[in-house]
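> Okay, here's the prediction I keep looking at, along with the sequence it came from:
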Amino acid sequence: MKRKLFLILGVFLSCVTFAQQKLIGKVTDPNNQGLPGVNISTSNGKATTTDYDGSYMILLEKGNYKLTFSFLEFQTVTKDITIGDSENVLDVSLQENKKSLDEVVVTGSRTPARSNTSSPLPIDVLSSKELVSTGQATFDKALQYRIPSFNTVNTPVNDATSLLDPYEIRNMGPSRTLILINGKRKNLSALVYVQTSPGRGETGADISAIPTDAIERVEILRDGASAQYGSDAIAGVMNIILKKNATDGYASLRSGITSKGDGAFYGLSLNNGTKVGEKGFINYTVDFSKAELANRPGDVDPLGEYRYWGGTTAGVNTQADINNFLAKKPDAGNVNGSPETAAAKFLINGGSDINENTQLYYNAAYVYKKVNSFANYRTPYWRTATDYPYLPSLFGGGTLATYEGYAPTFEGELNDYNATIGYKFTKNKWNVDASITTGGNQQDYTVGNSHNRSTDSSGNFIYAVNPNKYNGPISFNPGGVGFTHYVGNIDINRPVTDKVSIAFGSEVRTESFEIRSGDEASYVGVGADSYQGNRKEDSGKFNRYNIGFYAGASADITKDFLLEGTLRYEDYSDFGNKTVWKLSSRYKFADDKITVRGAISTGFRAPTLHQIYTQKVQSSFGGGGIQLEGISNNVSSAAREYGVPNLKAESSTNITFGVGIKPFKNFTATLDYYNIKVKDRIILGDRITYSAGNIQSFFTNSIDTRTSGLDVVANYKGISLGSGNLAINYSANFTFQNELDGPVRDLASVTSLPPLANGDNQTVFGKTSQALLLTSRPVFKHIIGLDYTIGKLGLSLNNTVFGPTKFKNADLATKNLTVEFMTKLVTDLGVNYKATDKITVALNINNILNVLPEWKLKSDGSKEAEDILNDPAQLRDQINDLTFNGRYSQMTYDGSHFSQLGTIFNLSLNYKF
């Protein structure tokens with residue numbers, strides 16, 4: 001590997017040329033403040049963007065050029081320049097531009113700071129440089145360490161969930177943030193999360209599939225926006241803007257490894273572009289990556305194992321047998337952490353000016369991802385040779401003495417794609433944008449090193465000629481899932497006067513969700529051990545369509561007072577219609593140094609096809625061991641039998657207000673309060689035991705929630721320190737409320753059931769689900785960053801404080817106990833060195849102090865809880881129930897608030913063409 005790295009480095013160095021001349025300059029606003037992120041393109045197809053202080057540098061050969069400077073909410077400027085041997089300098093000042101409502105899909109940044117101080121809504125703008133500087137391997141993990149209200153983490157149980165981790169903004173789940181690419185809706189993932197982890201019962205777009213090197217910037221609107229964009233925008237909107245440069249590409253070679261020596265990462269990416277004709281461009285990105293397994297199991301407790309599976313059969317399941325096995329495999333052979341992953345990503349973004357008033361644009365992406373992970377190791381006292389006599393010959397060398405259990409494998413393959421083609425034109429001040437978008441996500445699974453242990457009515461194994469000889473498959477195709485959509489948009493806006501703008505438009509969307517059946521052996525009886533396949537009767541293809549219309553207006557009542565309003569109507573073929581609205585305003589005073597802003601809106605989220613039609617049997621860990629859970633879909637006969645109503649749309653009310661300040665040059669700060677009420681929130685209900693062997697779960701609109709909090713962003717840049725410049729960034733999210741707004745609306749068929757053995761009444765939304773939804777994300781999160789640049793060297797120190805989180809399973813709830821993950825500080829160090837004009841080397845050490853999640857059991861003060869905590873034997877049993885006898889000692893079975901992998905070293909080499 002080292003030889004390859006040196007070879008590539010040698011090729012890069014040999015390609016360096018010095019025939020081109022430097023053009024440098026600075027782009028400023030009317031107040032002479034530098035503007036970061038300004039797009040600069042040349043007449044020969046090169047492009048760059050300005051740095052944090054508005055400065056830029058571009059290499060050009062001698063000759064005459066036109067340079068175009070463009071930035072959101074500022075007038076585009078074109079300048080002529082002649083490049084010669086002497087110093088080439090071109091400074092530009094951009095003037096503010098009055099834009100119509102929705103001309104920019106998510107209002108962009110107009111100030112040097114990351115958060116916009118003078119827009120009517122809270123907006124974050126992150127450049128590609130900021131994302132890359134985190135050293136994180138994927139886009140979603142980079143956001144985790146840049147946006148305080150954004151949370152995601154690897155789940156401890158790696159089956160289908162390992163293909164993409166659940167994420168959320170403002171504790172609202174992955175389903176309630178709308179993802180756009182260049183302003184157009186991205187398709188959802190085909191996966192609905194059914195494990196006991198944050199995001200349970202929901203689905204979202206696969207943002208980890210988007211190559212970071214293809215991104216020019218990310219705009220995050222932290223406010224409800226259903227009136228502008230339709231379903232899913234309850235928490236906000238994330239708009240991913242793709243790069244447009246036709247030249248000045250680069251190649252990046254990336255590598256990484258954890259401090260434990262596992263989880264090695266390798267990546268190679270290329271971003272470049274070319275001109276298409278005289279007025280067109282195409283930018284393309286190719287990205288290949290491979291991450292090896294990082295394993296973090298804990299030491300397994302022998303007494304806990306005996307409590308679950310112990311017996312009196314010598315050589316199989318006595319305490320001595322368990323002790324002997326764990327002496328050889330202290331972690332019981334379990335593999336859990338971050339799975340082996342390989343990915344190939346391809347993306348293009350292009351456009352062409354047909355004339356000065358008409359533009360054609362397009363983009364497309366394809367991602368292939370493969371994940372190899374493991375189910376819990378089946379120890380020889382869990383899956384015993386006495387219960388299944390054929391196991392020694394199948395997995396253990398043929399004898400009882402050599403049989404040591406087995407670990408079923410899980411392989412997932414993901415194909416994700418999206419494409420848009422659109423047409424913009426302006427006529428008589430009318431701006432028209434028409435587009436067609438398609439996208440899809442397909443997932444297929446394979447279970448290996450497993451067996452189907454089912455028996456017939458006579459007690460005989462279905463797939464064994466005799467008890468000692470298994471003749472069934474050990475590799476299974478359990479089926480897969482797919483989601484596709486087609487979206488048509490037309491958006492029209494016009495400035496009526498220099499102070500009033502109007503906008504209106506429509507969206508038509510069709511969606512299709514498919515459940516593909518597995519082979520018969522994967523689902524018959526109990527199915528493949530570890531992951532049961534999709535039955536034919538549960539499979540199918542399901543469709544719907546919707547159409548929406550919106551209209552809005554924006555008015556500058558005075559030069560400081562802005563008022564905006566939008567009304568939207570949506571009609572769905574499967575559940576009916578919704579009308580939502582939004583009002584927002586902004587007032588500036590003190591010479592634009594202070595801005596007060598606020599908004600109130602209603603919104604909605606349509607139930608996904610996944611939530612309506614998913615029907616599945618899934619094994620999961622519960623108090624006492626592995627359990628089978630049956631999910632019956634919302635239109636099944638079981639749903640009708642037990643009085644489960646059809647799913648309806650969630651509705652929301654969002655209120656936000658805040659202040660932005662810009663008291664002096666290079667310093668900005670924003671503070672925004674939010675309050676989100678969601679009515680008829682859709683959940684995947686808890687297991688309901690209707691009778692012995694009849695355990696059901698349903699998706700229902702059973703709860704209302706209220707979430708409130710505060711976002712803070714402050715930036716102070718351009719601080720002279722020695723011979724360099726220092727930038728200080730602080731951002732934070734504080735959650736004030738994330739709670740039920742009223743009682744759980746249980747099904748009548750549930751409330752009539754007798755209590756469970758522990759005395760608890762059954763419910764569709766018990767304490768475990770409540771904790772996952774309401775307390776599994778940090779109560780607060782701070783991000784404090786220092787960036788120092790001196791000459792060719794750049795240093796960054798980023799500190800992320802993850803506040804406490806709480807989990808509670810049903811057993812803990814009855815004992816008045818809670819698992820609390822404690823507040824932790826994670827520190828990342830980045831070093832960036834520009835060796836030449838073309839070569840940059842970067843070293844990132846993420847979590848440099850090797851801080852790991854840490855949890856403890858807490859009581860509510862009751863005598864029962866205190867007795868458990870003070871009794872070593874009871875405490876041991878309780879911890880075993882939480883961690884599957886220690887297999888998941890670091891994170892518990894439900895997950896944690898940040899990664900358990902510890903310190904990670906990342907090294908990258910970047911060569912600019």
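Perfect, thanks for sending it.
> what lines up beside the longest strand seen in the chain in the sheet?
For the chain, the strand reaching the highest residue count under DSSP state E is reported as strand 699-721. Within its sheet, strand 699-721 is paired with strand 667-684 (antiparallel), strand 724-740 (antiparallel), according to DSSP bridges.
> tell me the most buried of these?
Ranked by mean neighbour count under mean count of other Cβ atoms under 10 Å, these are led by strand 667-684, which reaches a mean of 22. Heads up, the C-betas are built off the backbone N, CA and C, glycines and all.
> Send me it as PDB with only the CA atoms.
Output of strand 667-684 as PDB, limited to C-alpha atoms (Å, rounded to 0.1, in the frame of the first residue of the first chain):
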ATOM      1  CA  PHE A 667     -18.300  39.300  13.700                       C
ATOM      2  CA  THR A 668     -21.800  37.900  13.400                       C
ATOM      3  CA  ALA A 669     -24.200  36.000  15.700                       C
ATOM      4  CA  THR A 670     -27.700  34.600  15.500                       C
ATOM      5  CA  LEU A 671     -30.000  33.300  18.200                       C
ATOM      6  CA  ASP A 672     -33.200  31.500  17.200                       C
ATOM      7  CA  TYR A 673     -36.000  29.900  19.300                       C
ATOM      8  CA  TYR A 674     -38.200  27.200  17.800                       C
ATOM      9  CA  ASN A 675     -41.400  25.500  18.900                       C
ATOM     10  CA  ILE A 676     -42.700  22.600  16.900                       C
ATOM     11  CA  LYS A 677     -46.000  20.800  17.600                       C
ATOM     12  CA  VAL A 678     -46.700  17.600  15.700                       C
ATOM     13  CA  LYS A 679     -50.200  16.200  15.800                       C
ATOM     14  CA  ASP A 680     -51.000  12.500  14.800                       C
ATOM     15  CA  ARG A 681     -47.300  11.600  14.700                       C
ATOM     16  CA  ILE A 682     -46.800   8.200  13.100                       C
ATOM     17  CA  ILE A 683     -45.000   5.600  15.200                       C
ATOM     18  CA  LEU A 684     -44.100   1.900  14.800                       C
END
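> for the record, mean pLDDT for it?
The average pLDDT for strand 667-684 rounds to 96.
> so how far is it off the chain centroid?
18 Å (Cα atoms, centre = their mean, to the nearest Å).
> The longest strand of the chain: which residues count as buried?
699-718 (16 or more other Cβ atoms under 10 Å).
> Repeat that for stretch 198-216.
198-216.
> ok, now which ones touch D223?
Residues near D223 by Cβ atoms under 8 Å, 6 or more residues apart in numbering: 121-122, 236, 599, 601, 654, 656, 674.
> Max pairwise distance over those: which two?
Taking Cβ to Cβ as the measure, those span a maximum distance of 13.1 Å, between P122 and S601.
> Can you give me the buried ones in the helix or strand containing K858?
Element membership of K858 [criterion: DSSP states H and E] is strand 855-859. For strand 855-859, burial by neighbour count (16+ other Cβ under 10 Å) applies to 855, 857, 859.
> now stretch 470-483
470, 472-474, 476-483.
> gap between that stretch and the chain center?
Relative to the centre of its chain, stretch 470-483 is centred 28 Å away, using Cα atoms, centre = their mean.
> can you tell me the distance between the two ends of it?
One end of stretch 470-483 sits 37 Å from the other (Cα to Cα, to the nearest Å).
> any idea of the mean pLDDT in that stretch?
Stretch 470-483 comes out at a mean pLDDT of 96.
> all helices of the stretch 351-500 of the chain, in order?
Secondary structure of the stretch 351-500 of the chain by DSSP state H, counting those that start in this stretch: the helices cover 391-395.
> any idea of the mean pLDDT for stretch 559-569?
On average, stretch 559-569 scores 94.
> Pick out the residue nearest the middle of the protein.
Centroid check for the chain by Cα atoms, centre = their mean gives Y167 as the closest residue, at 3.9 Å.
> so who does that residue touch?
With Cβ under 8 Å, 6+ apart, Y167 has these contacts: 140, 143, 150-152, 174, 177, 199, 204, 207.
> How far does stretch 259-272 sit from its chain's centre?
Between the centre of stretch 259-272 and the centre of its chain there are 20 Å (Cα atoms, centre = their mean).
> Go through that stretch and flag the buried ones.
By neighbour count with 16+ other Cβ under 10 Å, stretch 259-272 contains the buried residues 263, 265-267, 269-272.
> re earlier: okay, the strands paired with strand 699-721 in TSV with distance to P872 next?
Formatted as TSV, those follow (distance: least, Cβ to Cβ, whole Å):
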stretch	distance to P872
strand 667-684	36
strand 724-740	34
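> right, and those strands - which one's nearest T318?
strand 667-684 (39.6 Å).
> After that closest one, heading C-terminal, what element do we hit next?
By DSSP H and E, the next helix or strand past strand 667-684 is strand 688-691.
> what sits up against that following strand?
With Cβ under 8 Å, 6+ apart, strand 688-691 has contacts from 642, 695-698, 747, 749-750, 753, 756, 762, 764.
> Tell me, how many residues neighbour the closest residue to A209 other than its chain neighbours?
For A209, ignoring the flanking residues on the chain, the nearest one in space by Cβ to Cβ, 6 or more residues apart in numbering is V367 at 4.0 Å. By other Cβ atoms under 10 Å, the residues close to V367 number 21.
> Do I have it right that V367 meets A342?
No - taking Cβ atoms under 8 Å as the definition, V367 is not a contact partner of A342, at 11.5 Å.
> Please name the nearest non-neighbouring residue to F265.
G256 (3.9 Å).
> Now do the SS call for that neighbour.
strand (DSSP: H, G, I helix; E, B strand; the rest coil).
> how many neighbours does it have?
Using other Cβ under 10 Å, G256 is surrounded by 20 other residues.
> Contacts only, for the residue lying closest to L747 once chain neighbours are set aside.
Nearest non-adjacent residue to L747, counting by Cβ to Cβ, 6+ apart: G643, 5.6 Å away. By Cβ under 8 Å, 6+ apart, G643 lies in contact with 747-749.
> How about T68?
40-42, 76-78.
> which phi and psi does R307 have?
The phi/psi pair for R307 (degrees, to the nearest 10) reads phi -60, psi -30.
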